[in-house]
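>>> Take a look and give me a structure for this.
(chains A, B, C and D)
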2 protein chains.
Amino acid sequence: MLRLSKKADYGLIAVRHLAAMYGQGTASAKDIAQAYGIPPQLMAKVLQRLAKKGLLVSQHGSAGGYELARPPAFVSALEVISAIDGPMVITSCVTSQGECQQTPLCTVREPLRKVNESIINALGTLSMAQMVSAAELRG
Amino acid sequence: MLRLSKKADYGLIAVRHLAAMYGQGTASAKDIAQAYGIPPQLMAKVLQRLAKKGLLVSQHGSAGGYELARPPAFVSALEVISAIDGPMVITSCVTSQGECQQTPLCTVREPLRKVNESIINALGTLSMAQMVSAAELRG
DNA sequence: AAATATGCGACCGATTTGGTCTGAGTTTTG
DNA sequence: CAAAACTCAGACCAAATCGGTCGCATATTT
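Numbers count the residues shown, from 1 in each chain, chains lettered A, B, ... in the order given. Next up, the predicted model:
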């Protein structure tokens, strides 16, 4: 239904959390999971993927945890989502032009590509810094 | 992965097809299915749902079929998609404001709502008339 | 009445997804 | 040095979703 996966959701929550405390040390998967009522092991898995993609920096050992790799203004929602869910494509063959050989009459993809672009643009320009300040407005 | 369902895809293809032949009679589910290599029964199901939602007008009996209920300029991609897949929401609790009671710390939804709005806007302003002419440019 | 349509609901198998478990390797602390 | 706390990595499982099929009823034209 064109819905974000729960893992991506958790990822956004976590990264936003780390963005809010940027420069103030690390937070462990357990910490974040408890703060938002997310299954700890799943949270860990999501964070691992984000670290592997270079969005987060991990620190092993006791008192270790995760930290944003870049200032919050330079981390976009799109990066977080596509790090977890893979590339954002509204339809399967929207990415590369010549992928729709199977159905040569695939008349729909071309216009949908523009929609896809606008989605990517909307998510790409949404920084974690913005998400932090937006949340603070509500209290 | 925030991807359109195949049914919605088929729906768009079918409605665009009907838009291209608007005012020139009806097309049956079988016709459209054959034209694009879509499983006929599945195509039928999709068309039925679109008819039920009032996007298409159906005509029973032999030489029957489907027809666009409105001129192509007044049918949006959003209508087609949400008729099939349900309402377009990027996250589950983006729709109504107070739906996120379960996790009171749900700090992420508010900024995502704007993204959701831009997606809805992009799909809502994409008319079938546009899709028809866009396809003709290539073909 | 026969042929051809839509309408509708049940059903099935495959894929995806949310979530768990296990077992490693690493760093700090005592 | 050993224990504790953490990240890392993969297999694994159950449930939900999704693509697709089947059967039957109903309506319409010929």
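>>> and A:Val89, how many neighbours does it have?
20 (other CB atoms under 10 Å in any protein chain shown). Just so you know, the C-beta spots here come from the backbone N, C-alpha and C atoms, and that holds for glycine as well.
>>> so what pLDDT did it get?
At A:Val89, the pLDDT value in this model is 84.
>>> now A:Ser133
pLDDT recorded at A:Ser133 is 90.
>>> From A:Ile81, how far out is it?
20 Å (CB to CB, to the nearest Å).
>>> same question, A:Ala8
5 Å.
>>> shared neighbours of those two, anything?
Counting by CB atoms under 8 Å, 6 or more residues apart in numbering or on different chains, the contacts common to A:Ala8 and A:Ile81 are B:Leu2.
>>> Do me a favour and average the pLDDT over stretch A:15-22.
96.
>>> That one near chain B at all?
Yes. Stretch A:15-22 reaches chain B (CB under 8 Å from any CB of the partner chain) through A:16-17.
>>> Buried ones in that stretch, by neighbour count?
Within stretch A:15-22, the residues that count as buried by 16 or more other CB atoms under 10 Å in any protein chain shown are A:15-20, A:22.
>>> how about JSON lines for these, with secondary structure and distance to B:Thr91 added?
Shown next, in JSON lines, are the buried residues of stretch A:15-22 (DSSP: H, G, I helix; E, B strand; the rest coil; distance: CB to CB, whole Å):
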{"residue": "A:Val15", "secondary structure": "helix", "distance to B:Thr91": "15"}
{"residue": "A:Arg16", "secondary structure": "helix", "distance to B:Thr91": "13"}
{"residue": "A:His17", "secondary structure": "helix", "distance to B:Thr91": "17"}
{"residue": "A:Leu18", "secondary structure": "helix", "distance to B:Thr91": "19"}
{"residue": "A:Ala19", "secondary structure": "helix", "distance to B:Thr91": "18"}
{"residue": "A:Ala20", "secondary structure": "helix", "distance to B:Thr91": "19"}
{"residue": "A:Tyr22", "secondary structure": "coil", "distance to B:Thr91": "24"}
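>>> buried set for stretch A:42-50?
Neighbour-count burial for stretch A:42-50 [16+ other CB under 10 Å]: A:43-44, A:46-47, A:49-50.
>>> okay, the residue nearest to A:Lys53 when sequence neighbours are not counted: pLDDT?
Among residues not flanking A:Lys53 along the chain, A:Ala83 sits closest, at 4.1 Å (CB to CB, 6 or more residues apart in numbering or on different chains). You'll see A:Ala83 listed with a pLDDT of 95.
>>> Touching, A:Ala83 and A:Leu56? I think so.
No. With contact defined as CB atoms under 8 Å, A:Ala83 does not count as touching A:Leu56 (9.4 Å).
>>> Which neighbours do the two have in common?
Residues touching both A:Ala83 and A:Leu56 (CB under 8 Å, 6+ apart): A:Leu50.
>>> more crowded one of the two?
A count of neighbours by other CB under 10 Å puts A:Leu56 above the other of A:Ala83 and A:Leu56, at 25 against 20.
>>> That one against A:Arg70, yeah?
No. Taking CB under 8 Å as the definition, A:Leu56 is not a contact partner of A:Arg70, at 9.7 Å.
>>> what ranges of chain A fall below the confidence cut-off?
Where chain A drops to pLDDT under 70, the residues are A:1, A:92-106, A:135-139.
>>> again, 90 this time
Residues of chain A that meet the criterion pLDDT under 90 lie in A:1-4, A:37, A:63, A:86-114, A:134-139.
>>> how about the helices in it?
A:6-20, A:29-36, A:40-52, A:77-85, A:109-124, A:128-138 (DSSP state H).
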